[in-house]
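J.: I'd like to go over a predicted model; first the sequence, then the structure.
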Amino acid sequence: MSLTVVEAPSGAGDPVLGRSLRQIVWARVRRDRVAMTCLVILIGLYLVAILAPAICAVIGVDPYSFDSASISDMGGGPVGPWGGISREHPLGVEWGTGRDIFAQLLFGLRISLLIATSATIITVVIGTVIGIVSGYSGGKTDAVFGRIMDLTLAFPFLLIILALSGVLTQRLTSLGVPEGNPSRITYMILVLSVFGWPYLARIVRGQVFSLREREFVEAAVAMGASKSRILFVEILPNLWAPILVYATLTLPTYIGTEAALSFLGIGVLPPDTSFGAMLASSVSYFSVVPSYLFIPGVLLVTLVVTFNLVGDAVRDALDPRAGRR
Amino acid sequence: MIRRLSTYVIRRVLSMILLLVLLSLVVFILFSLLPADPARLTCGKSCTPEIIEANRHRLGLDMPVLAQYWEFVKGIFVGRTYAANSPDPVQCSAPCLGYSFKRGEEVFVLIKDRLPATIWLAFGAFVLWLAAGISLGIYSALRRGRWQDRSVMGVALVGYSLPSFFIGLVAIFFIIIRWQLLPFPSYISPLENPVQFLQTMILPWIILATLYAAFYMRLTRNQMLEVLGDDYIRTARAKGLPERVVIRKHALRAGLTPIVTAAGLDLAGLLGGAIITESIFSLPGIGSLAVNSVNDADLPLIVGITLVAATFIIFANLIVDLLYAVIDPRVRLS
């Protein structure tokens, strides 16, 4: 490994710089051009998702209104090539209803990101808390949590999610979540989190095992710090690296899983849509109108690849063996 | 050593059984929440509430959940008879995993009939992805940082990010519909018609294998890189061993443990039914049976499939742990 001269922050003449892990990681990610490009794309996609209604209004499309002029009277297929691409409908229209595909895509992105992001946040919170408590307490607590993790990981979760979707969605509705898609979305977020946390909890638990023997923890114990202070003020800040890596790599898998679940029919219902729902509805028509399959599919793959590239870059940047360059 | 090994095995088997009991109990309680009423499925459209009620009682569905669970567990070992003191009792011989009134068949038989397609799918894909994943992973590690490494890892990243149903549909679109290279998939046993069997399975195999191979490439590469930096590799090279032997005997063997874990668990997961792949290619396996059972609200069948799938995973966990000791001489049984 060659020695490289690092740019010194302004005002610091000292060649030996004390830099925190956070600064090192950020400097490394910033130098990674692919990762930075992906990061910008992701921020752009989130903005698009948030601003979807405004963008659609500006372009003059909306995902809900039917357009019978753009589909044929016979059979309901789109008029024109490539699924009826025209000035009014930049990516074509849906079979049978004439709803705009571009607008559906934006609103689908919104729902996919909403589900994946919320589920990741909940997964991280549950996984971290249980991992820390389990790793620090050891003994019986650890054993109980360990069994719960084994149990959760042994479930064929796709099947369980499918089987329980109807009843648990109803139960959410009866708990006060608005009926229909809000309940269905909440259900997806919850099940993804419920089956996702053990992976992170195991990682965190392993880290805490070694952290709890360290002097600063001993010092905190000696000073009479409460247990919750030791767990969440002393130990937690040392864990952000694995948690961050896990979160950035989990989010894209959740986007994929959400799409798969929608594909299997338990996702959002029309008139709302998501990438998986769009792909599922393409199945009947894609031999005639391939763009129904390829437009949401390619966007879905792009989204997941972009997230994975950022996740990889963060992981590489956090790799202690890479040297403190 | 032998004694330590046997106590270890016994302890692991016991904890596996405990996990199975817990898991089946949780599944049972979870599904008792479902509004799907198995008793409703016992008679056709001419059902009256009285008949349903009578059937419910005859089938023991009015018992508390734990009592039903006990009957279920007993059924696995000694079989059971539904509606024993009625004119038409239903016999379910051991191992009885329940009885699907919707389909009028034993759950065990239903699953057993669907198992071959799933096993073929899983093992075919398994062989493909291990071969591709491990060899490309090693190749990539040995050419670390060069263009070969970067392109393999690029392919892996994309493969890793592809949703199976999307590439499945794309493959059907191009290979079957547009170019007509293969006929539409229609599963048949390899003993009956090997050509049609291969024509049907080749796409699902490749698609499943692509997704998994991508993960194994990355895993193998990382493991190899980690191990190749170790001192004993330098020692092996210093001894004058041929590079091939250093890679295969020293590096790969030590780096293999996480790969074995992942492989065991992934294979077990697939044996419980590759729900999406089976649905897309309409393969008559456990996965598509599961989807159908969910759509029909066929409760006994859902419970049966869930338990079988979970059992595969738990078994795989045990086998993987035991394999550790065989593969990696450094593993201590603790």
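T.: Sure, I can see it. Numbering: from 1, shown residues only, chains lettered A, B, ... in the order given.

J.: in the chain, which helix or strand is least confident?
T.: Here I'm looking at chain A. helix A:81-84 (a mean of 67; mean pLDDT, DSSP states H and E).

J.: meant chain B actually
T.: Using mean pLDDT, DSSP H and E, the weakest-scoring helix or strand in chain B turns out to be helix B:49-58, at a mean of 73.

J.: what residues does chain B have near chain A?
T.: When proximity is defined as C-beta under 8 Å from any C-beta of the partner chain, chain B approaches chain A at B:19, B:22-23, B:26, B:30-31, B:33-35, B:157-158, B:160-166, B:169-170, B:173, B:177, B:269, B:272-273, B:275-276, B:279, B:290-291, B:293-294, B:302, B:305-306, B:309-310, B:313-314, B:317. Placement of C-beta: from N, CA and C, glycine included.

J.: can you select the buried ones among those residues for me in ChimeraX?
T.: Those of those that meet the burial criterion (16 or more other C-beta atoms under 10 Å in any protein chain shown) are gathered into one ChimeraX selection, given here:
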select /B:19,23,26,30,31,34,157,160,161,162,163,164,165,166,169,170,173,269,272,273,275,276,279,290,291,293,294,302,305,306,309,310,313,314,317
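
J.: which SSE is immediately downstream of whichever helix or strand B:Ile276 is part of?
T.: Using DSSP states H and E, B:Ile276 maps to helix B:275-280. Where DSSP H and E defines the elements, the next helix or strand beyond helix B:275-280 is helix B:286-295.

J.: chain center to whichever helix or strand comes after that next one, what's the gap?
T.: Stepping forward along the backbone from helix B:286-295, the first helix or strand reached (DSSP H and E) is helix B:299-327. In this view, helix B:299-327 has its centroid 8 Å away from the chain centroid, taken as C-alpha atoms, centre = their mean, to the nearest Å.

J.: can you give me how far the least confident helix or strand of chain B is from the chain middle?
T.: Here the centre of mass of C-alpha atoms in helix B:49-58, compared against the chain's by C-alpha atoms, centre = their mean, lies 37 Å away.

J.: please apply the same query to stretch A:92-101.
T.: 28 Å.

J.: one more: stretch A:145-154?
T.: 23 Å.

J.: tell me the buried residues in that stretch?
T.: Within stretch A:145-154, the residues that qualify as buried are A:Phe145, A:Ile148, A:Met149, A:Asp150, A:Leu151, A:Thr152, A:Leu153, A:Ala154, counting by 16+ other C-beta under 10 Å.

J.: do you know the pLDDT at the residue of the stretch 51-200 of chain B found nearest chain A?
T.: When distances are taken as C-beta to the nearest C-beta, the stretch 51-200 of chain B reaches nearest to chain A at B:Ser161, 4.0 Å away. Note for B:Ser161: predicted pLDDT of 84.

J.: where along the chain do the helices fall?
T.: Going with chain A. In chain A, the segments counted as helices under DSSP state H are A:21-31, A:33-50, A:52-59, A:81-84, A:101-137, A:139-154, A:157-174, A:181-211, A:215-222, A:227-229, A:240-263, A:275-282, A:291-318.

J.: chain B was what I was after
T.: For chain B, helices defined by DSSP H occupy the ranges B:2-32, B:49-58, B:65-78, B:107-142, B:147-161, B:164-171, B:194-228, B:231-238, B:243-245, B:253-255, B:257-271, B:275-280, B:286-295, B:299-327.

J.: I'd like those helices as CSV, with distance to A:Arg184 appended.
T.: Below are these laid out as CSV (distance: least, C-beta to C-beta, whole Å):
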stretch, distance to A:Arg184
helix B:2-32, 19
helix B:49-58, 30
helix B:65-78, 27
helix B:107-142, 29
helix B:147-161, 25
helix B:164-171, 19
helix B:194-228, 26
helix B:231-238, 53
helix B:243-245, 55
helix B:253-255, 43
helix B:257-271, 25
helix B:275-280, 19
helix B:286-295, 15
helix B:299-327, 20
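
J.: can you tell me how far the nearest residue to A:Ser284 once chain neighbours are set aside sits from chain B?
T.: The spatial neighbour of A:Ser284 that comes closest, neighbours along the chain excluded (C-beta to C-beta, 6 or more residues apart in numbering or on different chains), is A:Trp95 at 7.7 Å. For A:Trp95, the distance to chain B equals 16 Å [C-beta to the nearest C-beta, to the nearest Å].

J.: residues near A:Trp95, how many?
T.: A total of 21 residues lie near A:Trp95 under the criterion other C-beta atoms under 10 Å in any protein chain shown.

J.: that one is in contact with A:Val289, isn't it?
T.: Yes - using C-beta atoms under 8 Å, A:Trp95 is in contact with A:Val289, at 6.9 Å.

J.: what parts of the stretch 201-325 of chain A come near chain B?
T.: Close to chain B, as judged by C-beta under 8 Å from any C-beta, the stretch 201-325 of chain A has residues A:252, A:256, A:259-260, A:263-264, A:276, A:279, A:282-283, A:286-287, A:290, A:293-294, A:297, A:300-301, A:304-305, A:308-309, A:312.
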